[in-house]
Every structure is written in structure tokens, then in C-alpha cells.
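**Student:** here are the coordinates; sequence isn't available:
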């Protein structure tokens, strides 16, 4: 591995990744290198991001189970029938955490029992829904300033 610990030597990349193409971006030295899942998800439109995360989860499940590709994994099948036990669950959790930078509980596959549910959960962590717009709060305050206090009392909003 490189000194940063997050890139495989060129010779091993095709073996580990099954020859898949990577999205790339510049690293701190100006070289082009594969983008990690969080950066890839952030750069994609929502529908493509979901597909990318689900494909990635299938690939990770396949690696843990010793399958040659993620295509062998049914994303709607529960982990237990796929062959997961407590040790493989921890192994998958560790793989996902190390590659996403997220802190994930070791019970992850029991809380999200299919690869699809797990992928949707990870997508939510990597790309959370936008919070309320502060400008909306200000618009509501401005409208409330125009409502007479007596109307608010009559509506029971001030009690």
C-alpha cells in the first residue's frame, strides 16, 4: 500500500477490483487516482449514486463470501441465507468502515438484513438528506409577524 494506506499498487489493482473502471480524481501530488466511495457518491446524481452504492455493497459482500463478482449476489436476499455468520458480518462491517471512513456498528448486517437495505443505509450516511433551509425559517417568521396576536390566541397557538 502507499504511505497514505488507501491505494493498492498498480500491479494488484486489477486482481482486487476485478478489472472494473474507476472514477478518478487528482490526489495531493497532482496524480490521478481512484476516488473513494464517499467522493464518488457526492459527485453523482441521486439515482446514479444509489446504483453505485448498491453495486459497491454487492462487490464487498462477494469479496467477503469469496465469490468472483458481485453479480453473484442477490441484493434482496437476507445475509444469513447468503452465507453470513457473526465472523463474516464483522469482516464485512470492517471492510465497509475502512473504505468509507464511517464508524459502523458490528451488528450492521443484522440491523440491515439485505444488501439492498444495507446499501440504502450507507447511502443515507454518505449522502444525508438536506436539512431545512434557514431562509425558509426566516420566511415563516416574516409571515408570522403579519398575523395579529389575537388571531394566534384564538387559534390556540399561544397556549
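**Tutor:** In hand now; what should we look at? All values reported here derive from a predicted model rather than from experimental measurement.
**Student:** residues in contact with residue 157?
**Tutor:** Contact criterion C-beta atoms under 8 Å, 6 or more residues apart in numbering gives no residues in contact with residue 157. (Glycine included, C-beta is placed from N, CA and C.)
**Student:** Wasn't it part of a strand?
**Tutor:** No. When classified by DSSP: H, G, I helix; E, B strand; the rest coil, residue 157 is found to be coil rather than part of a strand.
**Student:** That one and residue 140, how far apart?
**Tutor:** Computed with C-beta to C-beta, to the nearest Å, the distance linking residue 157 and residue 140 is 13 Å.
**Student:** Against which helices or strands is the lengthiest helix in the chain packed?
**Tutor:** Scanning the chain for the longest helix, with DSSP state H as the assignment, gives helix 46-65. The elements that helix 46-65 packs onto, with contact taken as 3 or more C-beta pairs under 8 Å, 6 or more residues apart in numbering; DSSP states H and E, are helix 37-43, helix 79-82, helix 86-100, helix 115-126.
**Student:** so the longest one versus helix 46-65, what angle?
**Tutor:** If I follow you right, that is helix 86-100. Interaxial angle, helix 86-100 versus helix 46-65 (axes from the mean of the first three to the mean of the last three C-alpha atoms, to 10 degrees): 140 degrees.
**Student:** List the buried residues for helix 86-100?
**Tutor:** By neighbour count on 16 or more other C-beta atoms under 10 Å, the buried set for helix 86-100 is 88, 89, 90, 91, 92, 93, 96, 100.
**Student:** do the same with stretch 72-82
**Tutor:** Neighbour counts over stretch 72-82 (16+ other C-beta under 10 Å) mark 73, 75, 79, 82 as buried.
**Student:** so the second one sits right up against residue 57, yeah?
**Tutor:** Right, the one you point to is residue 75. Yes. Counting by C-beta atoms under 8 Å, residue 75 sits close enough to residue 57 to count as a contact (7.4 Å).
**Student:** Now for these two: what residues contact both?
**Tutor:** Residues within reach of residue 75 and of residue 57 at once, by C-beta under 8 Å, 6+ apart, are 115, 119.
**Student:** on that earlier part again, any idea which of the buried residues of stretch 72-82 is the one closest to residue 124?
**Tutor:** In terms of C-beta to C-beta, no member of the buried residues of stretch 72-82 lies closer to residue 124 than residue 75, at 16.1 Å.
**Student:** how far away is the residue in the chain sticking out farthest from the centre from residue 60?
**Tutor:** Largest separation from the mean C-alpha position in the chain: residue 150, at 48.9 Å (C-alpha atoms, centre = their mean). Taking C-beta to C-beta as the measure, residue 150 falls 61 Å from residue 60.
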